[in-house]
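1. Here's a sequence, model it:
(chains A and B)
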2 protein chains.
Amino acid sequence: MGKMPGDMFEVAELGRKVSRQEFDQAVPALRSELLQAQFALKSRKFPVIIIVSGADCAGKGEVVHRLNEWLDPRGVDTFAFWQSSDEEQARPPFWRFWRALPARGRIGIFFGSWYSDPMVRRVYRKIKGSQLDGALDRIAFFEKMLADDGALIIKLWLHLSRKEQARRLQHLQRDPHTRGRVRPADLKNLKLYERFVRTSERAIRRTDSAQCPWHLIEATDRHYCELAAGRILLQSLQARLQDDGAGKVQAAAAEPPARPARAKSSQTVLDHLDLSQKLTDRRYRGELEKYQGRLTRLTWEANARKISTVAVLEGWDAAGKGSAIRRVTAAIDPRLYRIIPIAAPTDEERAHHYFWRFWRHLPQAGYVTIFDRSWYGRVLVERVEKFASENEWKRAYLEINDFEEQLADRDIALAKFWIHISKEEQLRRFQERQDIQFKRYKITGEDWRNRKKWDAYKEAINEMVARTSTEFAPWTVVAGNDKNFARVQILKTLCDALERLL
Amino acid sequence: MGKMPGDMFEVAELGRKVSRQEFDQAVPALRSELLQAQFALKSRKFPVIIIVSGADCAGKGEVVHRLNEWLDPRGVDTFAFWQSSDEEQARPPFWRFWRALPARGRIGIFFGSWYSDPMVRRVYRKIKGSQLDGALDRIAFFEKMLADDGALIIKLWLHLSRKEQARRLQHLQRDPHTRGRVRPADLKNLKLYERFVRTSERAIRRTDSAQCPWHLIEATDRHYCELAAGRILLQSLQARLQDDGAGKVQAAAAEPPARPARAKSSQTVLDHLDLSQKLTDRRYRGELEKYQGRLTRLTWEANARKISTVAVLEGWDAAGKGSAIRRVTAAIDPRLYRIIPIAAPTDEERAHHYFWRFWRHLPQAGYVTIFDRSWYGRVLVERVEKFASENEWKRAYLEINDFEEQLADRDIALAKFWIHISKEEQLRRFQERQDIQFKRYKITGEDWRNRKKWDAYKEAINEMVARTSTEFAPWTVVAGNDKNFARVQILKTLCDALERLL
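-> Numbers count the residues shown, from 1 in each chain, chains lettered A, B, ... in the order given. Predicted structure coming up:
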């Protein structure tokens, strides 16, 4: 949107108009070009997100209708975020948006969006200005994350003057057919017009960027407004389609993560860990029973109080993730937990942003989800094996921290475990697995190949722990050479994490 | 389960026991074999469904725990159907089960299942015996459908004598740690023990089949019960794994559809249709406005009253499905509808039963879903192009009728349209599309190839209409040579379908 005048919306009160005749003349060519662009999009495989926002009565619904009419509806999904289901309310607020994001090659029209809720709450003084700013910063980060991944985000703001808004409401109220559509809130909003304008300005300013710019449209004349929306969409699509490999270029230009990496040194988190820690079988049995009992009670209590738990299990091959998970689930009622094993993504998952597959598995309030491997794959296996570009895994640290902060904000107990074993212990376990018949299936050529990259993995793990150990989501590096010790530490840490929230 | 004695459950009150020692000795071998079978399952790609049902306090939760402990939890999903979300309540009852069905190569443990709700309702006399039978027949059909598709279904019934059930409840109540787990309903159920047993017998008898047999397990001794459950699972898995190509054999043996095909004749539904029906542009504009206005009002009213609409659009290539859909959606608020275009399935969809992908898109109560092509692909393109085996598409008629009946039962307005055009009209439109630049993308080599199979498609369409026009879901065959006429007929039929339910 470039530079803003003192009153941002002045430029949208110039009285621009398009006659019915001009409109009818312009539409066929616009439509034809839109369809061609949409067709080209199918093979170019990036998602398009159109946000239609603006004042009450500005004709947002009409613009959504027009876009649906002009585009091939088979490639378009329209989402309105006006009511939320209990499944949505039971998860962090962005879950419903992740659920609705279009796949690559498709267009999502968002009628209402992530902007609505914080803005309405600010207008009604439910949150402070600083809280609004926090919410807007999260939105800007979210949009940047999608854009970095290749999404084209087109944000339309439909502006109406106060006078015009009042006129339209009166008009709706007079007509018996439309009277029912005027909600009491609409009349109240009109009184708050000035406040609404100020909040809108703040939102637009704070989230306007070269990557995801706002487009301000004067909405007084419907023909002008609809035509402008169609043209902005067309220009944005065409610019992006011509700009071959734009996604790559943008990604390369993304700034490096804000938090400085720790100075490299031979001394790392993993090196400091005392791998000789042990528990005798006798003490193990006692501790196991104690913490399993505690976990049983805590998970039931958390269920009653709608507190969720997310446990992330990461570790070297043969570190004992599977058997540790078994000790955890043995303590939880099967109705309360789900295990999500993370392997290669499905093609539906591949058609979305990397994080989409994790959002879709978030537990409803009160339940436990155990991720057997997780989003950390991005900065571990995908980094080491070069499945992700350097830029992708580097920016993932910030994306991960933001994701986990959203879980913490929703009072989800989050515990992350890296089960560490020595290189010698891994070798011993690999050999044991090959010798025991019913364990043989657990060892594959890939395990041996990964082992050869021990040092590259070690560097990745150290950087991961350093960059994603946050106040709200600390890592627990577990000494795993002794399985007894590791299992009890995991159980105990989980109990502590839950207890802090209860 | 084979023959039942007079009192079915007598065989499960024989006092069978397994000592702790025997149990500990038997488990390692059983586990090893279970893991091997589970590993083999991964490459054999059929889904396994384990239903754990039975009396209160019979230890269902413990059996679920054990199976999770013995199996590799990464390949197992456990689902408990104890609470339902509002998204589940807003759809036909089987939606939540379809949502939970395991993909091929995975094991789903169902703690509670489709049996619970009708049985509990019968025990509490909320439904009549005949209604219970109806629900059980639907269940039997559902299980058969999954089994025909290759699923291995293992149904466990854990039986407790009345005496033992009473003893366990008292025991739970005495212990302060477990007292909270005894719900008032449990005590009430105990009083209804006889009724519960009779209802269980009825359910088991009516849904016991060679393909999906029940396994009755005496649950008095926990070790015996858990070991029996593990062994039944192992035997069923092994039998199925050895029986190479079992899915195919079963499918071939499936009985032909119950409803007799209509006698073939040269006179068919399509031939009887008067394709010369027309609307002048002037009358079209009037009718369009009239029915679009009606549809706007009806969809809002349906939303308020939580009545959903499912519209299915099928038709020849170039019959005008897309433009007809546009006339429908123009009349509906974008918040209220979704268009689901059906093309090739994703790999997640391919890993489930054919119908899974349609269940996942069912609208919440009060909303409109428009399927642009649909489940009828099974008996049209998949039949003609031989993507589906003869057995698969033949049994699909019954599956479709059952699916649509479930929609009707949930008060979902269902309207199915076949837009018919003559072969000459299709040719004219193909040529037109090639001539107009912005329509060119709509025509592909596939369209020309399909056209060559006109007669095969015609036969399939006629059989489809004959076999799936039901009282609750009649087909509307639309005369499509005149687009004006077709669009108005579709709008009018949709309005009528909704009006009948309002």
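
2. Where does the residue of the stretch 251-400 of chain A at minimum distance from chain B sit: helix, strand or coil?
-> Across the stretch 251-400 of chain A, no residue is closer to chain B than A:Arg335, which sits at 3.5 Å (Cβ to the nearest Cβ). (Glycine included, C-beta is placed from N, CA and C.) Per DSSP: H, G, I helix; E, B strand; the rest coil, the local secondary structure of A:Arg335 is coil.

3. dump the residue contacts of it.
-> B:Gly61, B:Ala80, B:Trp82, B:Phe111 (Cβ atoms under 8 Å, 6 or more residues apart in numbering or on different chains).

4. Which residue is the nearest non-sequential neighbour of A:Ser422?
-> A:Leu275 (5.5 Å; Cβ to Cβ, 6 or more residues apart in numbering or on different chains).

5. re the thing from before, if I look at the residue of the stretch 251-400 of chain A closest to chain B, what pLDDT would I see?
-> If you check A:Arg335, the pLDDT there is 85.

6. For it, give its distance to B:Lys60.
-> Plainly put, A:Arg335 is 11 Å away from B:Lys60 if you go by Cβ to Cβ, to the nearest Å.

7. list residues touching both of the two?
-> In contact with both A:Arg335 and B:Lys60: B:Phe111, using Cβ under 8 Å, 6+ apart.

8. quick one: contacts for the residue nearest to A:Ser422?
-> A:His420, A:Ile421, A:Ser422, A:Glu425, A:Ala479, A:Gly480, A:Asn481.

9. From those residues, pick the one nearest B:Val197.
-> A:Gly480 (50.0 Å; Cβ to Cβ).

10. okay, and for chain A, where does confidence drop off?
-> A:1-6, A:177, A:180-181, A:244-267, A:437-438 (pLDDT under 70).

11. could you redo the contacts of A:Leu275 as a markdown table and give each row neighbour count, distance to A:Leu398 and secondary structure?
-> Shown next, in a markdown table, are the contacts of A:Leu275 (neighbours: other Cβ atoms under 10 Å in any protein chain shown; distance: Cβ to Cβ, whole Å; DSSP: H, G, I helix; E, B strand; the rest coil):
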| residue | neighbour count | distance to A:Leu398 | secondary structure |
| --- | --- | --- | --- |
| A:His420 | 22 | 25 | strand |
| A:Ile421 | 24 | 29 | coil |
| A:Ser422 | 16 | 32 | coil |
| A:Glu425 | 17 | 34 | helix |
| A:Ala479 | 18 | 29 | strand |
| A:Gly480 | 29 | 29 | coil |
| A:Asn481 | 23 | 33 | coil |
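
12. rewinding a little: ok, and of the contacts of A:Arg335, which contact chain A?
-> With respect to chain A, and counting by Cβ under 8 Å from any Cβ of the partner chain, the subset of those in contact is B:Gly61, B:Ala80, B:Trp82, B:Phe111.

13. wait, the first one sits on A:Asp333?
-> Put plainly, it is B:Gly61. Yes - using Cβ atoms under 8 Å, B:Gly61 is in contact with A:Asp333, at 6.5 Å.

14. Closest to chain A out of the contacts of A:Arg335?
-> B:Ala80 (3.5 Å).

15. Okay, and the beta partners of the closest one?
-> For B:Ala80, the beta-bridge partners are B:Phe111 (DSSP bridges).

16. where does A:Trp214 fall, phi/psi-wise?
-> phi -90, psi 150 (degrees, to the nearest 10).

17. And for A:Trp475?
-> Per degrees, to the nearest 10, the backbone of A:Trp475 is at phi -80, psi 150.

18. Counting neighbours, what do you get for it?
-> Neighbour count of A:Trp475, defined by other Cβ atoms under 10 Å in any protein chain shown: 20.

19. With A:Tyr193 instead?
-> Residues near A:Tyr193, counting by other Cβ under 10 Å: 18.

20. Find the residue closest to it in space, skipping its chain neighbours.
-> A:Tyr193's closest residue in space is A:Arg162 (Cβ to Cβ, 6+ apart), at 4.6 Å.

21. and the residue lying closest to A:Gly112 once chain neighbours are set aside, what does it touch?
-> Nearest-residue entry for A:Gly112: A:Phe81, 4.5 Å, with adjacent residues in sequence omitted and distances by Cβ to Cβ, 6+ apart. By Cβ under 8 Å, 6+ apart, the contact list for A:Phe81 reads A:Arg96, A:Phe97, A:Ala100, A:Phe110, A:Phe111, A:Gly112, A:Ser113, A:Ser116.

22. right, and the last one touches A:Ile51 too?
-> No - applying Cβ under 8 Å, one finds A:Ser116 not in contact with A:Ile51, separated by 10.0 Å.

23. Those two: which is more packed in?
-> A:Ile51 (22 against 14).

24. in the sheet, who's paired with that one?
-> A:Phe110, A:Lys155.

25. Just the endpoints, please. Distance across stretch A:323-335?
-> Distance between the two ends of stretch A:323-335: 20 Å, counting by Cα to Cα, to the nearest Å.

26. Equivalent analysis for stretch A:89-104, please.
-> 27 Å.

27. Give me the contact list for it.
-> Contacts for stretch A:89-104 (Cβ under 8 Å, 6+ apart): A:45-49, A:77, A:79, A:81, A:84, A:88, A:108, A:110, A:113-114, A:117, A:142, A:146, A:150, A:306, A:348, A:351-353, A:355-356, A:359-360, A:362-366, A:406-407, A:409-410, A:412.

28. again, but for stretch A:351-363
-> A:47, A:91-92, A:94-95, A:98-99, A:101, A:103-105, A:145-146, A:149, A:151, A:308-310, A:338, A:340, A:342, A:345, A:349, A:369, A:371, A:374-375, A:378, A:392, A:396, A:399, A:403, A:407, A:412.

29. ditto for stretch A:211-220
-> A:1, A:8-9, A:11-17, A:54-55, A:58-59, A:140, A:143-144, A:147, A:153-161, A:164, A:204, A:207-208, A:224-225, A:228-229, A:232, A:250.

30. quick one: which of these sit in helices?
-> A:140, A:143-144, A:147, A:164, A:204, A:207, A:224-225, A:228-229, A:232, A:250 (DSSP state H).

31. Please report how far A:Asp149 lies from chain B.
-> Per Cβ to the nearest Cβ, to the nearest Å, A:Asp149 is found 19 Å from chain B.

32. what's the nearest residue to that residue if we skip its chain neighbours?
-> A:His353 is the one closest to A:Asp149 (Cβ to Cβ, 6+ apart), at 4.8 Å.
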